Structures are given as C-alpha cells and as structure tokens.
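Q: Compute the structure for the input listed below.
(chains A and B)
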2 protein chains.
Amino acid sequence: MTGSLHERVAAGDVRACARLLRWIDDEAPGALDELKALYPHTRGAYVLGITGNPGSGKSTLTNALIRELLKAHAKVGVLAVDPSSPYTGGAILGDRIRMQEHAANPNVFIRSLATRGNLGGLSRATYDSIFVLDAYGCDVILIETVGVGQDEIEIVNCADTSLVVLVPGLGDEVQAIKAGILEIADVFVVNKADREGAEKVVQNLRALQELVRGSAARVPEIVLTSATRGDGIAKLVAAVEAHRAWLAESGEGLRRRRHFLEQTVLRHVHQRLLAEVEERLARDGHFAGAVDGLLARTADPFTLSDEVLAHVKAG
Amino acid sequence: MTGSLHERVAAGDVRACARLLRWIDDEAPGALDELKALYPHTRGAYVLGITGNPGSGKSTLTNALIRELLKAHAKVGVLAVDPSSPYTGGAILGDRIRMQEHAANPNVFIRSLATRGNLGGLSRATYDSIFVLDAYGCDVILIETVGVGQDEIEIVNCADTSLVVLVPGLGDEVQAIKAGILEIADVFVVNKADREGAEKVVQNLRALQELVRGSAARVPEIVLTSATRGDGIAKLVAAVEAHRAWLAESGEGLRRRRHFLEQTVLRHVHQRLLAEVEERLARDGHFAGAVDGLLARTADPFTLSDEVLAHVKAG
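A: Have a look, this model is predicted:
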C-alpha cells in the first residue's frame, strides 16, 4: 500500500498502524505531523479502562473481554501499559503471552506501552496511541494499566468507562480498596469469583458504596467473573454497555470526551515545555554548578527554580 | 515560641512544623518563601522509601521500623503518601491508625500527604516536606507510598534507600514482581514471612536477580520479617545501615542526593509553568471554544498545543 503514514493508518493498514505507534513511543520527529493529519480520521472509538492490583487477573480478563467484544464489534484495540523500569526504560517481564490467542486475528490490535519514568502516570504516548487506534478503525479500545498508583487515577482522563478489578484472598480487603479506586470505578469486577471470599469482597464494596453514596452520580455495578473459565464475561460486557448508554443519556459521556481532549493538549504543552527547560539547562551548563551550590547550602532549590523559570520565559 | 515560621521549625517547634507542612500541602502563598529561608537549616536527613502492594503490611512495618530506628536515632519523621481521590482530593480510608502507638511520642513526626491527581506520582509537596522534616531535626525520614504505579518508580528520586515489601500468598508471585520494582529495590523485605510461601518468594526473587545481574551495582539484600510480631526488624535496620554505608563509600549516595535536588528544582519549575498555562487558558476563554473545534474535528489537539505553547512563551 502506498501513501503517507496517516493515510495508510486511516485505510486500516496494520503495518502502518504499528509503525506510527512505534514512532509515538520513540518520540520520533515526524510523529506529531502524522497525528495532526490523522486526527480528522478519528471516529470516537469507545475507550474502556481496566485497572486493578497485580495478580488480579487483568490480562486474562482483557483476553476474555476481547473475545466477547468481537461478537458485537468489528475491531478491538488493546493498549497494555506496563510500569516502566526507571533505568532501562523497558519491562523485563511481560505477561502478554496470555493474549497470544488473539495475536493472529486481524481484527485485534494489541500494543504494549511503557510508562515513562519521569513525570506523570500515563505517558503522552498512551493518549496519542488512542487516536491512532481510533483512526485505524478500532470500535473499542481497551487500556490495561497496572497497580493502584497514578496510572489508575489517570485512567479516568482517557477512558469512557473504567473497570476496577478486585480479587478475593488478598487479606484485608477493606484496606486494599483505596479511596481513589472507589471513585474511579464505573463498573467493579470481582474476578476469580470461584475462590473463597468473593462474596465478602462484594459485601465490603457495597458497604463502602453506602459510605460514599451521594457524591456519585451513578452507583457502579458489581460483576463477578472468573476470567480463566469465561464465567460472567457476557454479564460484564452488558454492564459496560449499560454504562455506555448512561453516558450518552446523561451528557456525562460528552463531558468525559471534552476532558480527554483537554488533557491531551495539556499533556503535550507540558511535556514540550519541560523538554525545553531540560534542554536549556543542559546547554547552559548553568545547572551542574547550581546543584553544587545546593549541596553546599549556599543556594536553595526554590530560588533556583525562580531563576530557571525566568530564564525559560526570557529565551 | 516567637519568631518566623522557618525559625521555629529549625528550632524544633512541632506546631510550626505541622503548620508549614500544611501550608505546603495547601500551596499557601507564603510557603515558598519559608522554604527558601528554611533550606540552609537542613542537615541531610537520611530518607528511607518504603513501597509495596496494598496488603503487604507496609504501615505495620513502618510502625515497627520507627520503634527500631528510635534506638539509634533521636528523631524520626514519616510521610505517608496515600493515593489521592481524583474528585474530592482527599483519602476516605486511612490505615494510619496503626501508627497510633507513636502518636504521643515527641520524637516521632507523622504526616499523611495526598498525591495530587493530575500530573506526576509523588507531588511537589512530598519533595518539599522532606526539607521541612529535615530542618525540623529528623535524622531519618520514612516515606511510605502505596501501590506499584508511578509513586513507586518516583520514590527513587527522593530516597537514599528504597525498601520494596513483598508478601507470600498473592498468587502468581513472579507476575506480581514487576520489572520496575526489581530495579527500584535497595533492600527487599519479604513481610508476613510466617505465612506459607515466604521461601518461594525468596527463591523467585533470587532467580530474577540472577536474570538481571550485571546491570546492578549491588545486589539487594533480601530480609524476611513479620512486622506484626516484630520479627526480623533489627535485621532489616542492619540491612538498611549496610546499604547506607555502601552509598557513602561508593559515591552513589552523593549522586542520589544531587539527583534529588535537581528533581526538586525541575518539579517546581514544571508545576509553576503548568499553573501558568492553565491560568492563561482559563483567562482567555480561548480554550473552551477550542475544545468545541476538537470535538467537531475542525481542529486537532496537536496543532492546538503548538498554539498554546507559543501563547505562553509570548506572554
């Protein structure tokens, strides 16, 4: 297939899609222009965030969801966000192997993304990759994040519907259900529900929902699944569709879409400003000497930040 | 006690310390000037990061560590970083109650900090609070973070020594031990070691350490503890002290301190630039209309970020 990269992505060329995602991840110079040209081809794919502790079976669940979603949707995309290694910049272990089932399916596009170590949970690449998969023709995009840190809180910036996956047997369930997670969830999934303690997790969730009731516009459904057996997956997709319908009726869907676009712009502005600051500091050689002053306590970090700020704005 | 806030903090006034920390958390206007004046009073407190999944018993472990550290150190500070709620800005559940033991001890200062929802795992407040506890006279500062997301990766920006807490019984241990965590750890703690499976966790850790050996300058010790029983805590403190000695000998300690100071400056510059961008966008009313264009696909987020960037630099 010929044509520019964005044209090929919009025409559904899988290799072009993979290449542009790689460009974005590598911050290749041409990526931004391709994104600009690609954006009019986006169609508003439905974005489903999946979050939960390690060991909660998110990858197996994602796998099962892909299978179920393909019954009603033509093309499904998956962005799997691993915690990055702050030193090597890459993940050592991947459990993506569990999605091998769909690797050969032309209607499923799976991509692992590293979170950047430095600033911000979900990277700019995660935001930008959503637009690529959308323009490529995915009807639904699943974003699987790891842990309960910043990633999980930021998933609400990207997702139309956020699933929070819990499992029985992690000891003190109430402690494990943190405040942020409660407010992030549009649908709760109690996975590995064939294990002892699943009912207890549901009870604890309901008790917590009672506590925070009033602030929530809609009480999240709780769905029990066993992803390895495929139990409850159809019910989960139904709960997601119910939330999707509510988003459309209530106007909340439009509000979330606006927020996502605003955040995309802010993320770009912020990362580019920061890159400029770092570049300037490196070029001037000003910073290395300044840190010596901080170590000697002849200068302080807060006055130094005033100076750097003035410097960037002047230049 | 009279005098300005920073003088009172440096003189060990606990109420002044609490107030300045609150100012920092609230981003009160006077906080920055107090920090500038306070910085020369810092003495380079030893910062110990504690990270691990929810349910790994970090709070109980922190509690036990405080008790042990007080045998050799005069004053211990604790910063407990909870995942923030993205909507209310506050945590609903706190398990800080487990540290009540030390609440009445004048030589222990404990403070909970919310992570900010928007950008970056550990907030600027976490960085700044370290300087306050340092100047206040804490010899050791424990920072307890939650989850395995961005917070954990960023703890290496702040901590001299990072503890990673694991527990047996979380199912697939190898999956739970993520790449980033492996490279963050200076000391591994296998807590709840009286439970079945503790040896298996140690074996998995050693196997993983073999895999990544070579890149690490020092192979992290693995210490088994049962924080509720107090088992292994003295051994853990000894492992921390051994790492501290290595930091001093190898020069790695100085490198980490420089990095922490650089990150403090960058964090300030970055947050202040971002605040300016958001303020400008709100003032111009430019942004609200622009997002309508994005929704209609008559504009794209990437070109809009070019415009915003030019706008900020021109102003």
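Q: what ranges do the helices span in the stretch 51-200 of chain A?
A: For the stretch 51-200 of chain A, helices defined by DSSP state H, counting those that start in this stretch occupy the ranges A:58-69, A:124-136, A:150-158, A:173-176, A:179-184, A:198-212.
Q: Can I get these in JSON lines including distance to residue B:224?
A: Where you see a C-beta, it was placed from the backbone N, CA and C, and this is true even at glycine. JSON lines is the format used below for these (distance: least, C-beta to C-beta, whole Å):
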{"stretch": "helix A:58-69", "distance to residue B:224": "29"}
{"stretch": "helix A:124-136", "distance to residue B:224": "37"}
{"stretch": "helix A:150-158", "distance to residue B:224": "30"}
{"stretch": "helix A:173-176", "distance to residue B:224": "22"}
{"stretch": "helix A:179-184", "distance to residue B:224": "30"}
{"stretch": "helix A:198-212", "distance to residue B:224": "29"}
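Q: With residue B:129 as the reference, name the closest of these.
A: helix A:150-158 (17.9 Å; C-beta to C-beta).
Q: tell me which element residue A:259 is part of?
A: helix A:252-284 (DSSP states H and E).
Q: Tell me which helix or strand comes right after that helix.
A: helix A:286-296.
Q: Any residue of the helix holding residue A:259 touching chain B?
A: Yes - using C-beta under 8 Å from any C-beta of the partner chain, helix A:252-284 reaches chain B at A:254, A:257-258, A:261-262, A:264-266, A:268-270, A:272-274, A:277-278.
Q: In the residues you listed, find the pair that's most separated.
A: Taking C-beta to C-beta, no two of those sit farther apart than A:254 and A:278, at 36.6 Å.
Q: So those two - more neighbours on which side?
A: residue A:278 (16 against 12; other C-beta atoms under 10 Å in any protein chain shown).
Q: List the contacts of the more buried one.
A: Residue A:278 makes contacts with residue B:266, as judged by C-beta atoms under 8 Å, 6 or more residues apart in numbering or on different chains.
Q: at 7 Å instead, please
A: Going by C-beta atoms under 7 Å, 6 or more residues apart in numbering or on different chains, residue A:278 touches no other residue.
Q: same deal with residue A:233?
A: A:64, A:65, A:68, A:225.
Q: Which two among those are spaced furthest apart?
A: A:68 and A:225 (10.6 Å).
Q: neighbour-wise, which of these two wins?
A: Neighbour count, other C-beta under 10 Å: between residue A:68 and residue A:225, residue A:225 has more, with 26 against 18.
Q: could you measure the nearest residue to the more buried one once chain neighbours are set aside against chain B, distance?
A: Closest residue to residue A:225 apart from its sequence neighbours, by C-beta to C-beta, 6 or more residues apart in numbering or on different chains: residue A:232 at 3.6 Å. Shown here: residue A:232 relative to chain B, a distance of 19 Å by C-beta to the nearest C-beta, to the nearest Å.
Q: need the contact list for residue A:232.
A: The contact partners of residue A:232, taken as C-beta under 7 Å, 6+ apart, are A:193, A:223, A:224, A:225, A:226.
Q: Burial check on the second one, number of neighbours?
A: Other residues lying near residue A:223 total 21 when counted by other C-beta under 10 Å.
Q: Please report how far the nearest residue to residue A:128 once chain neighbours are set aside lies from residue A:193.
A: Closest residue to residue A:128 apart from its sequence neighbours, by C-beta to C-beta, 6+ apart: residue A:24 at 4.8 Å. Residue A:24 sits at a distance of 37 Å from residue A:193 (criterion: C-beta to C-beta, to the nearest Å).
Q: how distant is the helix holding residue A:259 from the center of its chain?
A: Chain-centre distance of helix A:252-284: 16 Å, with C-alpha atoms, centre = their mean, to the nearest Å.
Q: same deal with stretch A:293-306?
A: On C-alpha atoms, centre = their mean, the centre of stretch A:293-306 falls 36 Å from that of its chain.
Q: that older thread, just to confirm, which helix or strand has the residue nearest to residue A:128 in it?
A: helix A:14-26.
Q: List the buried residues in that helix.
A: Within helix A:14-26, the residues that count as buried by 16 or more other C-beta atoms under 10 Å in any protein chain shown are A:16, A:17, A:19, A:20, A:21, A:23, A:24, A:25.
Q: got a pLDDT number for residue A:287?
A: Per-residue confidence at residue A:287 stands at 68 (pLDDT).
Q: tell me the domain ranges of chain A?
A: A:1-41, A:42-250, A:266-314 (automatic domain parsing).
Q: Look at residue A:304 and say how many residues are nearby.
A: Residue A:304 has 23 nearby residues by other C-beta under 10 Å.
Q: I figured it was touching residue B:264, is that so?
A: No - in this structure, residue A:304 is not within contact of residue B:264 by C-beta atoms under 7 Å, at 8.9 Å.
Q: Give me the mean pLDDT for stretch A:13-31.
A: Mean predicted confidence for stretch A:13-31 is 91.
Q: same check, this time on stretch A:138-151
A: 76.
Q: Show me the shaky parts of the stretch 101-250 of chain A.
A: Within the stretch 101-250 of chain A, the stretches with pLDDT under 70 are A:101-104, A:114-122, A:146-153, A:170-182, A:211-216.
Q: Could you report the distance from the closest residue to residue A:30 other than its chain neighbours to chain B?
A: Excluding the flanking residues, the one nearest residue A:30 by C-beta to C-beta, 6+ apart is residue A:23, at 6.4 Å. Using C-beta to the nearest C-beta, we find residue A:23 at a distance of 13 Å from chain B.
Q: Need the winner for burial among the domains of chain A.
A: domain A:42-250 (a mean of 20; mean count of other C-beta atoms under 10 Å in any protein chain shown).
Q: Could you tell me the end-to-end distance of that one?
A: Using C-alpha to C-alpha, to the nearest Å, the end-to-end distance of domain A:42-250 comes to 23 Å.
Q: circling back to that earlier point, I'd like the domains of chain A laid out as a markdown table, including distance to residue B:131.
A: Converted to a markdown table, the domains of chain A look like this (distance: least, C-beta to C-beta, whole Å):
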| stretch | distance to residue B:131 |
| --- | --- |
| domain A:1-41 | 33 |
| domain A:42-250 | 20 |
| domain A:266-314 | 8 |
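Q: I'd like to know which of these is closest to residue B:183.
A: domain A:42-250 (5.1 Å).
Q: Could I get the contacting residues of residue A:105?
A: By C-beta under 7 Å, 6+ apart, residue A:105 has no neighbours at all.
Q: Strands along the stretch 1-150 of chain A, start to end?
A: A:46-52, A:76-82, A:108-114, A:140-145 (DSSP state E, counting those that start in this stretch).
Q: Give me the nearest residue to residue A:32, chain neighbours excluded.
A: Using C-beta to C-beta, 6+ apart, the nearest residue to residue A:32 is residue B:302, at 5.5 Å.
Q: Quick check: the one you found vs residue A:132, distance?
A: 12 Å.
Q: got it, and residue A:71?
A: 25 Å.
Q: List the beta-bridge partners for residue A:113.
A: When bridges are taken as DSSP bridges, the partners of residue A:113 come out as residue A:81.
Q: just checking, residue A:248 is part of a helix?
A: Yes - assessed by DSSP: H, G, I helix; E, B strand; the rest coil, residue A:248 belongs to a helix.
Q: Touching, the residue nearest to residue A:30 and residue A:31? I think so.
A: Yes - with contacts counted by C-beta under 7 Å, residue A:23 reaches residue A:31, the gap being 4.2 Å.
Q: coming back round to it: outside of the helix holding residue A:24 itself, list whatever touches it.
A: A:5, A:8-9, A:30-31, A:34, A:106, A:109, A:111, A:113, A:125, A:128-129, A:132, A:136.
Q: And for stretch A:300-315?
A: Counting by C-beta under 7 Å, 6+ apart, A:276-277, A:280-281, A:290, A:294, B:32, B:35-36, B:39, B:261, B:264-265, B:268-269, B:272-273, B:313 sit against stretch A:300-315.
Q: picking that back up, residue A:162: which of the residues of helix A:252-284 next to chain B is nearest?
A: Nearest to residue A:162 among the residues of helix A:252-284 next to chain B, with distances taken as C-beta to C-beta, is residue A:257, at 14.3 Å.
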